[in-house]
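# what follows is a predicted protein model with its sequence.
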Amino acid sequence: MSQPSQKHHKIAAQKDFKKERNIRAMNEAQAFIQAKKKISPTETIKNIIQGIPYHEISESLFNDPETLQSALESISSAIEHYDQFYSIDQLKTAINEAIDSKISLFETQELQLNCELWKEAIFSYLSIFKTEIAESLKDFWINIMSSSQKYPSIPQRSFQNLHSKIIEEIEHLKPSNPGFSAEEICIIEDKEGCNGAFCDSLESIEKNACFSNKMECTSRCLCKEETCLNRSISKNRRKYIKDVDVIEMPAFGFDKRTAQIILQIIGKSIDAKRFLNVSMPIAINWAANQINDSFKHILQGIMTEEIFNLNDKYFSKALYNSIEALGEIYGHDIILKEFTIHQKGYGIFCNTSQGIPKNAFLGEYAGQIYSAGEFYEKDLAIQNSKNKIQPANSTNESSNFYTVELERNKNDIKGYSVFFVDPIPRGNWTCKINHSCYPNCEARTVIANGRYTIGLYTIRRIKSLEELTWNYSSCTDQIEEYKNSICLCSKTNCSGYYLINPSKTDICLPLAGKICALLFSSSAKITSDEIQYIEQFNLDKSLMHEIPEWLKCWTYTTLNYITSYIELRKNDALSNLKAKIEAKLSSELEKIDLLKDSLIKELTISLSRARYLLSNIPDSNMPPICILTEIEVLNYLWGDDCNSIKNQLNTLFENDISVKVQNLTKKPINNLNEARTELLKIKDHLKENQSNNWIYKGIADILHLTAYNQLFFRFNAYQSFTSKNIRLKNCELYNFECSEYYEEESNFEYDGEHLHRLLAGWNSRDYAANKSIMFNGLKGPLLLPSIQNSQPSFYNEISRIKFLNKIFEAPLVSWSEYEEANLFIFDEEAKVFGTPMFYDYVNKNISVLNVCFQDLDVQWNLISLST
Ligand SMILES: C[S@@+](CC[C@H](N)C(=O)[O-])C[C@H]1O[C@@H](n2cnc3c(N)ncnc32)[C@H](O)[C@@H]1O
């Protein structure tokens, strides 16, 4: 009986000081929060709880320091345990549990009662500071969101599975189209054996002599047959079998932005990263239903399922609480949008309870092998066929990234080459393995049974239920395609996209350089020294066989160009890194060597494609570019043709009596210099007599550039042609299962300038197909605006200065990249190309290109343009 009255007495006593205490504590806490502005939610809560005058609430508890200490510790650990995020309700539950677990340990009933009172006081304090807690949560969330905003995120994704049924047999060496002879291309010659070192792990195998030379280890090698990874395929070592060791099923993940948000909530400790990289993906993919609020559902699964350890449970609870707490403030629907999982099609998962060990051979990446020429030919035919049904660009479906490159080694007797393995018409389960930025498998080109093939191996131990992944390292130069390739690997180091955009790296040589190479190849004859130079690179012998002389010259010039470019990059690296440590320098040099390899790869692919085209073109000995002779230039500037500059000027000023251009163009001309002088006179006339008319000043500037140009060239158009029909299976075109019964024929119509675009864009695969990319690149540095069509009405003093500055600062940058230059119009049907900026570049690069060009003397002076 005494106890309840004691409680009443205590409560009455508390009422007296409650008001005063609340005000004081609130002031203290507020002062603290104000002083420290943005403190984390945990800190805010700790400050509030520490500010409570415990001795005033419960003297007897306070007089028992040991008990108080232990009770405070349990509250503290309850707060720490949930880490950064709290809602008031979550806190109450946590503190309730923490204090209740202590109450039964208190010896006297009085202490137990005091403790209850104390708990109530804490709750009332938390309610008083509700707004502060919510504010601090909001601040934290806003910080997280603003720093995660820069990462790519998928609003929604509809993945279309290309084909769900695939063959298990490896049929990758049988050509499906007549004329495609991949079978012979991929046979390798036998050589000596290795010394037995570095054969048993993928990390070290690069150092193995046979492997690095793309040779097969055999009984003549000193390595052990049972452990040699280079012999996995030929020895038919254990392969992992679908539906037994591995299983194909829908695969899910989240984007980089979500991964970053989670990391900021749970921290970046090793355990937190392990939770995100390993446990979360397992939970996501094995959750029974992936519905709207599945994120919370998945986290609940981790908290209850036995396969997840205490760390996983701890982090999933922290994350769960955060999502709940934020949902209470912002609304659950809004917060759940930031924690969404998406499907990435199907994937392959480890289906054995014991997992898969490191360095295990999984299987061959089976598929049809194509040479580069054949592969792109087929790709264009597929596009053509698809466009007939659905116009180009009308679909946002992400592209087909099933094809894998297979490189024949540069030491191979037949020379270096690149092939493409396409699993769509005939592949196996390995083509269903998804990409990851932190993969557990790797694809390697190996030699097995005398042939090149791609083997898939594990590079880490794979846990039961874990998804198998490898890093695609695939490039696309189409920015839209790149942007659509948002990666759902859900890893802490995710790069954001599963494709690489080469323009983001530095392998883009300027278009002027590529046109320059074409220009020199068309005017030169190949010498025996140059042939020897090409031979050093050991390019595929069949690629160089029976090709026109100009293409050999182009190969030489381009190789020379790549070598000089790489040398320049290395010299830069050496001078920049001199003061730095040697290890950094060697890794920088290694990167530059890799860049060289990738440039040579692109050159090889372009050559293979050019050969394919040339076999269809009857006039293939004609080079694609031709420099205009003096007479041709004279005709272009001052001839009677309606497109000559003189006649364009006449048409332009036909009705303008204030401009006496007609009179000036009547003068008979005997040579090129006279024509140039006349053009400059017209330029001066427009500038001086029409000083307020900026339209004329714009034309005058273009005339100036035309008159000073020393090098004009044109593209020789070849005959257009339609490629031979290619038989395509329905699975290559639609999302049906692959079947021999449904086939259709398709081809591609090549226009007369397809080859030019292909060679001018030799490290850009879509150049050939896309006319506008090349034309945009030519605008300005290689093609001047049309005088007749350009009447730059907004051309004024400011835009002129900006425009000239751009030319001086970056003479080779396409004009489509800056606003002022777009005041001019370019003739899409232009036949004659060339600008003084390009001529200047050609002259500067003569030594690099090692081609004689003396007959063009440099007279041009850009500075005179600005006056
Ligand atoms: C070789 S396939 C992999 C199997 C594919 N998921 C399927 O169901 O057929 C490559 C395609 O899978 C999807 N994919 C693979 N890895 C991905 C990732 N990390 N994120 C998003 N999508 C991915 C992309 O659509 C890609 O074009």
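Sure, I can see it. Residues are numbered from 1 along each chain as shown.

# ok, the spatially most central residue of the chain to Ser485 distance?
Centrality entry for the chain: nearest residue to the mean C-alpha point is Ile500, 2.9 Å, by Cα atoms, centre = their mean. Using Cβ to Cβ, to the nearest Å, we find Ile500 at a distance of 9 Å from Ser485. From N, CA and C alone the C-beta is placed, and that goes for glycine too.

# can you list residues touching both of these two?
Thr476 (Cβ atoms under 8 Å, 6 or more residues apart in numbering).

# got the domain boundaries for this protein?
Here the domain parsing of the chain from automatic domain parsing is 2-148, 182-242+357-472, 255-340, 511-614.

# just checking, which helix or strand of this structure averages the lowest pLDDT?
The least trusted helix or strand in the chain, going by mean pLDDT, DSSP states H and E, turns out to be helix 182-185, with a mean of 46.

# next structured bit after it?
Downstream of helix 182-185, the next assigned helix or strand under DSSP states H and E is helix 209-212.

# dump that following helix to PDB, restricted to CA.
Output in PDB follows, covering the C-alpha atoms of helix 209-212 (Å, rounded to 0.1, in the frame of the first residue of the first chain):
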ATOM      1  CA  ALA A 209      54.700 -17.800 -70.500                       C
ATOM      2  CA  CYS A 210      52.200 -20.000 -72.300                       C
ATOM      3  CA  PHE A 211      49.200 -18.100 -71.100                       C
ATOM      4  CA  SER A 212      50.500 -14.600 -71.900                       C
END
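
# so which of the domains of the chain comes closest to Phe838?
domain 511-614 (5.7 Å; Cβ to Cβ).

# format the domains of the chain as JSON lines; extra columns: distance to Gln648 and mean neighbour count.
Conversion of the domains of the chain to JSON lines gives the following (distance: least, Cβ to Cβ, whole Å; neighbours: other Cβ atoms under 10 Å):
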{"stretch": "domain 2-148", "distance to Gln648": "54", "mean neighbour count": "16"}
{"stretch": "domain 182-242+357-472", "distance to Gln648": "34", "mean neighbour count": "19"}
{"stretch": "domain 255-340", "distance to Gln648": "53", "mean neighbour count": "18"}
{"stretch": "domain 511-614", "distance to Gln648": "24", "mean neighbour count": "17"}
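
# need those in TSV (columns: distance to Ala830).
As requested, those are exported to TSV (distance: least, Cβ to Cβ, whole Å):
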stretch	distance to Ala830
domain 2-148	47
domain 182-242+357-472	25
domain 255-340	43
domain 511-614	14
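
# can you say which of those is nearest to the ligand?
domain 182-242+357-472 (3.4 Å; Cβ to the nearest ligand atom).

# gap between the closest one and the chain center?
Centroid separation for domain 182-242+357-472 versus its chain: 22 Å, with Cα atoms, centre = their mean, to the nearest Å.

# look up how far Cys441 lies from the closest residue to Arg237 other than its chain neighbours.
Excluding its sequence neighbours, the residue lying closest to Arg237 (Cβ to Cβ, 6 or more residues apart in numbering) is Phe361, at 5.3 Å. Going from Phe361 to Cys441 by Cβ to Cβ gives 10 Å.

# who touches both of the two?
456-457.

# grab the nearest non-local neighbour of Glu225.
Arg231 (6.3 Å).

# for the ligand, what's the nearest residue on this protein?
Closest point on the chain to the ligand, by Cβ to the nearest ligand atom, is Gly345, at 2.6 Å.

# sorry, back to before: now do the contacts for the residue nearest to the centre of the chain.
473-476, 482.

# taking the residues you listed together, which two end up most distant?
Spatially, the most separated pair among these is Ser473 and Tyr482, at 13.7 Å (Cβ to Cβ).

# so which of the two has more stuff around it?
Tyr482 (19 against 12; other Cβ atoms under 10 Å).

# you'd agree that one is in a helix?
Yes - assessed by DSSP: H, G, I helix; E, B strand; the rest coil, Tyr482 belongs to a helix.

# pretty sure it contacts Gly496?
No - applying Cβ atoms under 8 Å as the test, Tyr482 and Gly496 come out as separate, 10.0 Å apart.

# show me what the host helix or strand of Leu595 is packed up against.
Assigned by DSSP H and E, Leu595 belongs to helix 582-614. Packing partners of helix 582-614 (3 or more Cβ pairs under 8 Å, 6 or more residues apart in numbering; DSSP states H and E): helix 372-389, strand 417-422, helix 541-544, helix 549-577, helix 754-760.

# so the fourth one versus helix 582-614, what angle?
Spelled out, that is helix 549-577. 170 degrees (axes from the mean of the first three to the mean of the last three Cα atoms, to 10 degrees).

# endpoints of stretch 426-443, how far apart?
18 Å (Cα to Cα, to the nearest Å).

# same thing with stretch 531-546?
With Cα to Cα, one end of stretch 531-546 sits 13 Å from the other.

# need the phi and psi values for Leu539.
Backbone geometry at Leu539, expressed as degrees, to the nearest 10, gives phi -70, psi 160.

# which residues of the stretch 451-600 of the chain lie near the ligand?
Neighbours of the ligand within the stretch 451-600 of the chain, by Cβ under 6 Å from any ligand atom: 487-489, 498.

# can you pull out the helices in the stretch 651-800 of the chain?
Counting by DSSP state H, counting those that start in this stretch, the segments of the stretch 651-800 of the chain that form helices are 661-665, 672-689, 694-708, 730-733, 754-760, 771-778, 797-809.

# so which of those helices is the most surrounded?
Ranked by mean neighbour count, the helices of the stretch 651-800 of the chain are led by helix 754-760 with a mean of 24 (mean count of other Cβ atoms under 10 Å).

# name the helices or strands packed onto that one?
helix 511-523, helix 582-614, helix 771-778.

# switch the cut-off to 10 Å
helix 511-523, helix 549-577, helix 582-614, strand 625-627, strand 713-715, helix 771-778 (3 or more Cβ pairs under 10 Å, 6 or more residues apart in numbering; DSSP states H and E).

# where does the stretch 101-250 of the chain dip in pLDDT?
107, 155-191 (pLDDT under 70).
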